[in-house]
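Could you work out the structure for the sequence below:
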Amino acid sequence: MAKIGKRTQQIRDGIDRNKLYALNEAVGLIKDRAKAKFDETVEVAMNLGVDPRHADQMVRGVVNLPNGTGRDVRVAVFARGDKAEEAKAAGADVVGAEDLVDIVQGGTIDFDRCIATPDMMPLVGRLGKVLGPRGMMPNPKVGTVTPDVAAAVKASKGGAVEFRVEKAGIVHAGVGKASFDAKALEENIRAFADAVNKAKPAGAKGTYVKRVAVSSTMGPGVKIDPATLSAEA
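Next comes the predicted model:
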């Protein structure tokens, strides 16, 4: 059994791994233990009672975090003409058409999020094998295939977070930075949990939200009582 380092032990001390903490308690524990030399990302993971191998149990969506992510998100837009100009004016970092497809196919992906106008999708479809595994393929269900590229760019820059359930039934996302005040983190976590709840698929049976945990980049996971995630809690 690997020996636990002194720093790791100090971070874990005071956390009961079997206890379900109220959201505000969990956030406090995470913030107190985020001692890295960089601003750690706070991430939420939710274990759901779904089997994503079945189409009617897929969970995906997008949520606009009320307090942003704390990240500088680089946005690429596939568009031509006026739509390309709208994207640039809205703050897109990379804008193009065939030229951008060639760049991405060549292995250069200098962006975090990808948006496309509907007419560009036959072209962007060629990038499925490159963008798909990275979770970057534009999709109308999450607002990244849209004629309103300006609004999509601003949403991406302002704190829009995509989520998609993984094979094991887990959905997770970064919901802020350890430097955020506790209230801002709690609001972001509640917004994310609410969006996941609203995305509950028709095929989900039994308990939908099984477990919820929050952690920072270098910190331990803290289990949250799901009942404290509602806005009224």
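
Quick check: next helix or strand after the helix or strand bottoming out on mean pLDDT in the chain?
Ranking every helix and strand in the chain by mean pLDDT, DSSP states H and E puts helix 6-12 at the bottom, with a mean of 55. Next in sequence after helix 6-12, counting helices and strands by DSSP states H and E, comes helix 23-33.

Only C-alpha atoms, please: export the helix or strand just after that next one in CSV.
Using DSSP H and E, the helix or strand that follows helix 23-33 towards the C-terminus is strand 41-48. Taking C-alpha atoms only, strand 41-48 is exported to CSV below (Å, rounded to 0.1, in the frame of the first residue of the first chain):
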residue,chain,number,x,y,z
THR,A,41,-10.3,24.5,-10.0
VAL,A,42,-13.3,23.3,-8.0
GLU,A,43,-15.1,20.4,-9.7
VAL,A,44,-18.4,18.7,-9.0
ALA,A,45,-19.0,15.0,-9.9
MET,A,46,-22.5,13.4,-9.8
ASN,A,47,-23.0,9.7,-10.0
LEU,A,48,-26.3,9.1,-11.8
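
If we ignore the residues flanking it in sequence, what's nearest residue 69?
Sequence neighbours aside, residue 159 is the residue nearest to residue 69 in space, at 5.3 Å (criterion: C-beta to C-beta, 6 or more residues apart in numbering). Yep, even glycine has a C-beta here, placed from its N, CA and C like the rest.

The one you found reaches residue 113, doesn't it?
No - the criterion here is C-beta atoms under 8 Å, and residue 159 misses it with residue 113 at 11.5 Å.

neighbour-wise, which of the two wins?
Taking neighbours as other C-beta atoms under 10 Å, residue 159 and residue 113 compare with residue 113 leading, 23 against 20.

Report the contact partners of the more buried one.
Neighbouring residues of residue 113 by C-beta atoms under 8 Å, 6 or more residues apart in numbering: 73-76, 136, 144, 156, 160, 162.

what is it paired to in the beta sheet?
Applying DSSP bridges to residue 113 gives these bridge partners: residue 75.
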